[in-house]
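Q: next come a sequence and a model predicted from it.
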Number of protein chains: 4
Amino acid sequence: MPSTTGSALKVTVFGQSHSEAIGCVIEGLPSGISLDMDAIRAFMKRRAPGQGPWTTPRKEADEPKILSGLNQDGTTCGAPLAMVIENTNTRSKDYSELKRVPRPGHADFPAWVKWGSAHDIAGGGHFSGRLTAPLCFAGAIALQILEAQGVEVCAHLVRIGKATDTPFSAVRNDAAARQLLRDQIASVRAPGRTLATIDGEAEKAMLGQIDAARRAKDSVGGEIEAVVTGLPAGIGSPMFDGMENILARDLFGIPGVKGLEFGRGFELAQMHGSESNDPFMMEDGQCVPETNNAGGILGGITTGAPLVFRLAMKPTSSIARPQRSVDLVAAEPATLEVHGRHDPCIVTRAVPVVEAVAALATLDAWLSYPADTPFQKK
Amino acid sequence: MPSTTGSALKVTVFGQSHSEAIGCVIEGLPSGISLDMDAIRAFMKRRAPGQGPWTTPRKEADEPKILSGLNQDGTTCGAPLAMVIENTNTRSKDYSELKRVPRPGHADFPAWVKWGSAHDIAGGGHFSGRLTAPLCFAGAIALQILEAQGVEVCAHLVRIGKATDTPFSAVRNDAAARQLLRDQIASVRAPGRTLATIDGEAEKAMLGQIDAARRAKDSVGGEIEAVVTGLPAGIGSPMFDGMENILARDLFGIPGVKGLEFGRGFELAQMHGSESNDPFMMEDGQCVPETNNAGGILGGITTGAPLVFRLAMKPTSSIARPQRSVDLVAAEPATLEVHGRHDPCIVTRAVPVVEAVAALATLDAWLSYPADTPFQKK
Amino acid sequence: MPSTTGSALKVTVFGQSHSEAIGCVIEGLPSGISLDMDAIRAFMKRRAPGQGPWTTPRKEADEPKILSGLNQDGTTCGAPLAMVIENTNTRSKDYSELKRVPRPGHADFPAWVKWGSAHDIAGGGHFSGRLTAPLCFAGAIALQILEAQGVEVCAHLVRIGKATDTPFSAVRNDAAARQLLRDQIASVRAPGRTLATIDGEAEKAMLGQIDAARRAKDSVGGEIEAVVTGLPAGIGSPMFDGMENILARDLFGIPGVKGLEFGRGFELAQMHGSESNDPFMMEDGQCVPETNNAGGILGGITTGAPLVFRLAMKPTSSIARPQRSVDLVAAEPATLEVHGRHDPCIVTRAVPVVEAVAALATLDAWLSYPADTPFQKK
Amino acid sequence: MPSTTGSALKVTVFGQSHSEAIGCVIEGLPSGISLDMDAIRAFMKRRAPGQGPWTTPRKEADEPKILSGLNQDGTTCGAPLAMVIENTNTRSKDYSELKRVPRPGHADFPAWVKWGSAHDIAGGGHFSGRLTAPLCFAGAIALQILEAQGVEVCAHLVRIGKATDTPFSAVRNDAAARQLLRDQIASVRAPGRTLATIDGEAEKAMLGQIDAARRAKDSVGGEIEAVVTGLPAGIGSPMFDGMENILARDLFGIPGVKGLEFGRGFELAQMHGSESNDPFMMEDGQCVPETNNAGGILGGITTGAPLVFRLAMKPTSSIARPQRSVDLVAAEPATLEVHGRHDPCIVTRAVPVVEAVAALATLDAWLSYPADTPFQKK
């Protein structure tokens, strides 16, 4: 069971929901980078549980402790950067029933087939959403490095159940569209936002969807849309190491993600080439795509227009309602009730995780295969 | 520019549209397998050009020549299997204009930024759809190995422009649904089918969409749906090496793919957990999912239900209509007309490519990470 | 600066000499294995400092703390196993002079060129011999898994300076030679041994060499010889993933290793084929090599005879004598005196490290590339 | 059975001795490089068979045919460069006896255990020395790229059996020693040399050793010494991706290599730190090592002094004398006579292979992990 991704910039994630600790090791970070620990903590806090009535009340300080990879002055030294977060709230529960009766929608059953009794089911084990905390830590560092290159990553909730937000203005690529996109990003990040949305009305409607699911002892799914702006053209590679390949591999590592589309995505299936092809124009002496149906990527390589993608996430699997399952030991039908409180909607907390993964994948692509595109430290 | 994918089973693809030859090297094939070359050729022929009025008239024999990896009796010997297909129709054309004036929707522009003049643009270079021919060769071998394990892979056109086919009966997983799925697969493969569809009416409607696009000097996109049946539960891994991660990385390597969803995919974003969770039931003494909203994958690991996924493909980028572009050397706007005849719809020919990639990714996941079985030699 | 090795079994080592902690993450361990923590601690203690007058007096408890990868019952669960060892004795010293004046024989100078001031030089940073502690932890687990398969790994000091030990009886492979080898291994491991030697006289002579070096404020090099017995034939691969390739890559990761030979090694350069070829014989119904000049490996694959290899290690670089160096900031010659006490001979403590690395490399080769066995699940 | 090495610069080798063809795929080459095909052919010719009475008379044109990776003007385009060499002389022989009766010193026996009858034994299959021809092709390209950066790679025969050559003057690093080294390299490459030696007398003595072995129906081993000059300090990495690790992994991929040492190598085991540490001095405003006992590498990273290493190669395994073996099918002792003519000494032809592998490993290390050491195209 490997848990490493990346090529020039590698991240290895470890930990189970109820192990002593969770964490990650990052290899390939440029040296000499001064980490802004406050920014990292603030970023990680965005995915932390317990921030509202609709999220799980488990309280984890989630304080990242850096074990290695820094000089005495706090800058990166080039060596692998290891980080751990202690699990303060472990081994408190009896998961033996779940080993016998797999939870619908969870990995309990395939894990039982694969590992049998040799599998730490506690709290979801290595499949737990808690493992996204180290991803956010690593992503926060990548975001910081990208920011110094003028690159910005922003995700928002574009759908929760039946409630939708305005999509990012990233289908066109003219100056007006780009200004609107900047305003939209500012709106997502406006102080006072409870959820990452552009519209305040959308935020309210989504909170309503989540609250309704919670009161029905149910859960609800959603969609996240993300942009990466400020990237130069020329990052990525055709075939298997393109921007879409790397992003896809990593984004499907976020628990609950079941769909992914770039640019106009599934809409392109209904379009004609004369509509979908993005013409080129001259702007400030540069060639730029006039529209951005391709989502900023052609042939796996960035075009200079913003990267745009959307993710579909399924509803939280753990719900309080009784569900039909099977007693694997007795080999007979069984009814399962999942106790404890769980997030009725994990999509809200996945927003920073998507930003983190997008940053890691983008920086990895940038640092990889340097023969033709050297990365210059700034 | 790397072009390798896979872990225990690696495929390296090489070639450009107008290079001497294209081909692949396959590492990690089990030894002692007798290759059915007729089946391989028949499979490759499904993606070959020139099979109808709507496909590109370029005639390539596309005869695969195996250079290594076989014993004298034609079985695999364990060593890397290298295969080449000669490009019989090369260097016949002047692509210098395309180097100056990038084609909208093509990788010409980002490739020019990345490699400058050191980039073989002829026929799309390494970005060409022709590179899917070696993928089909490798996939045909993987399909043969999987077939011997009782695994079947089938893809069909579920949409071309506005025309749609019946989806596979893979959302439920009871005996009746599985029988229907078998019938649907048989229908897709029925002799006389021009396009890979379940319904004859859908086939006609899709041919209409393609013909209309062709007559309008335009192109049209579509969607492909695929199933992998007969897989045991327990293949794959959580985090970054799960079935979804591996399939996603490889499927986005097929030119034109811009969206991917597993199981109910984007529909899950509008569902509640009580609807989307697949309950478990006992059947013939086995625990099986009763429904298959998850598309046969939970936590990155197969559940025993069929793998199901859908791909969105953009319309062919090369169209005969004049398009707005830029003269990169003169740094001024330019109008581009792409000459030559091109497929008005590449989606039809991508169907076997999707099957090939699905087979390769599945077999790779199956062969990888063997630690949880007893050692082989004792 | 990556620090990962292995294919099916991956080990990522992190930490610097004076970072908060050092440790490792192990991916790909078989699940369901019950770790013998006492055996792991006892093994790690063999490389720990402070065990005699000739070793460095730095006292580190070196208690391994497992953070993840275990079930509640202490067996491996298949998920990545992360382990940390706290550095209790950090940041106590001023290394700023060493940044200006590189120590001869150390990586200070090339690290300064590569990373400039962004390099944690404290205690050797990521180059420190302390990083072999996590390797020993990981190796102790591999040794335990191999032992259950009947495989034994043993290393001894075959040379310290001018003092030599009897070599292992591994050049012949008949029953008598194998019995002698077993006796030699028992002798190396006999209670009361201060150094890992076969002969007691050799032990005394080596202690004399070390003591003489210590009193002369100098250091001394040596050679380690290792065997891996009980391996079946058929493990490994030709070309770049053979037993020699994997072992070599990993063994040169031990600080101070500058030479490596398998079987008769450099002696083979002076031999004829009629002498060096190992004939085959029948023994107990099995084909076995009669002699073992090849060191148990032909074409990168195990032959069933013991693996045998020898390592050359340079003397400890840190010596108390004044040495000629350069002030990198002033760009002028400088004399360097390295303060503090250092091991006059690191070779003695490297013996268990060599066993650890041999076990990891062997187990990795065994677990990798499973295609030539039947699939696990059917 | 994988056959790929390298990280940023990957080489995949394919082919068996008697397959249709052998070849390689190179991924990660910088684009825009104009290949000097005459230089490549001349380099490959140095390892080609049939150049004297002591080499095997098999005549292969060994003409490399480039299938992909080039622009129309012959420069690299960034896409994978594939090359094949046809095997003109295949399937002419009956190897069935060798499948029953394994040749001592060959991989026949472990391959039989691993792959059973599913193994192409013809001519050594994938284990054949013929596979070093594609390595030489790839290495010739790497050499060309390195040469443009002022880097030179040179290997010579330092021993054949009992005959020895003067070693390279690389233990000291002052101006006089470097001038002597340049003269020695010139002498190795002097027109008229039959063998790669510095001294003419050594050449004669070595030819005598080979001829004596040939007449005795025997074979003889040897040692190769190599230098890489002109490398800047700062290339490589500590732990598992250092210069020694990468070189070792790749060099042990050359058939017959059984030992490897860097710098003073095994001599260091008998030295004191005060002798072995290389002091630093100022020279032309630069810090340089005064001596080079470390072989140009400290902590896995280049020091700016020449890389120096020595390889031990075993005698050719195929000899005409009768040898003791086993009939694996009958499970009884058997006597084997290997027919056909074989090189009595493969070491002479391995010299360019060592240069090729050294160039590939060095360039790979240079191109890898670019965050701290960008490679600038010249």
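A: Here it is on my side, so go on. Owing to the predicted nature of the structure, the values given are computational and were not obtained by experimental measurement.

Q: contacts only, for the residue of the stretch 101-250 of chain A found nearest chain B.
A: Residue nearest to chain B within the stretch 101-250 of chain A: A:Ala107 (2.5 Å; CB to the nearest CB). C-beta: built from backbone N, CA, C; applies to glycine. By CB atoms under 8 Å, 6 or more residues apart in numbering or on different chains, the contact list for A:Ala107 reads A:Gly124, A:Phe127, B:Pro238, B:Leu298, B:Gly299, B:Gly300, B:Ile301.

Q: among those, which are in strands?
A: B:Leu298, B:Ile301 (DSSP state E).

Q: is A:Ala155 bridged to anything, and to what?
A: Beta bridges link A:Ala155 to A:Ala226 when assigned by DSSP bridges.

Q: that one - how many residues pack around it?
A: Neighbour count for A:Ala155, taken as other CB atoms under 10 Å in any protein chain shown: 26.

Q: chain center to the longest helix anywhere in chain A, what's the gap?
A: The residue-count maximum for a helix in chain A (DSSP state H) belongs to helix A:347-367. Relative to the centre of its chain, helix A:347-367 is centred 6 Å away, using CA atoms, centre = their mean, to the nearest Å.

Q: nearest to C:Glu337, of the contacts of A:Ala107?
A: The nearest member of the contacts of A:Ala107 to C:Glu337, counting by CB to CB, is B:Pro238 at 53.2 Å.

Q: residues in contact with the closest one?
A: Going by CB under 8 Å, 6+ apart, the list of residues near B:Pro238 reads A:Met1, A:Ser3, A:Ala107, A:His126, A:Phe127, B:Gly299, B:Gly300, B:Ile301, C:Ala79.

Q: now A:Thr335
A: A:Thr335 neighbours (CB under 8 Å, 6+ apart): A:Pro322, A:Gln323, A:Arg324, A:Ser325.

Q: from those, which is closest to A:Glu20?
A: Looking across those and measuring by CB to CB, the closest to A:Glu20 is A:Ser325, at 29.9 Å.

Q: doesn't A:Leu336 make contact with that closest one?
A: Yes. The pair A:Ser325 and A:Leu336 qualifies as a contact (CB atoms under 8 Å) at a distance of 4.4 Å.

Q: what's the overlap in contacts for the two?
A: A:Val101, A:Arg103, A:Pro104.

Q: just checking: which of those also lie near chain B?
A: A:Pro104 (CB under 8 Å from any CB of the partner chain).

Q: now the shared contacts of A:Ser325 and A:Leu336 in CSV, with secondary structure and pLDDT?
A: Listed next are those as CSV, based on DSSP: H, G, I helix; E, B strand; the rest coil; pLDDT from 0 to 100:
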residue, secondary structure, pLDDT
A:Val101, coil, 92
A:Arg103, coil, 93
A:Pro104, coil, 96
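
Q: most neighbours among the shared contacts of A:Ser325 and A:Leu336, please name it.
A: That'd be A:Pro104 among the shared contacts of A:Ser325 and A:Leu336, by other CB under 10 Å, with 29 neighbours.

Q: residue contacts, that one?
A: A:Ser317, A:Gln323, A:Arg324, A:Ser325, A:Leu336, B:Asn277, B:Asp278, B:Pro279, B:Phe280, B:Pro289.
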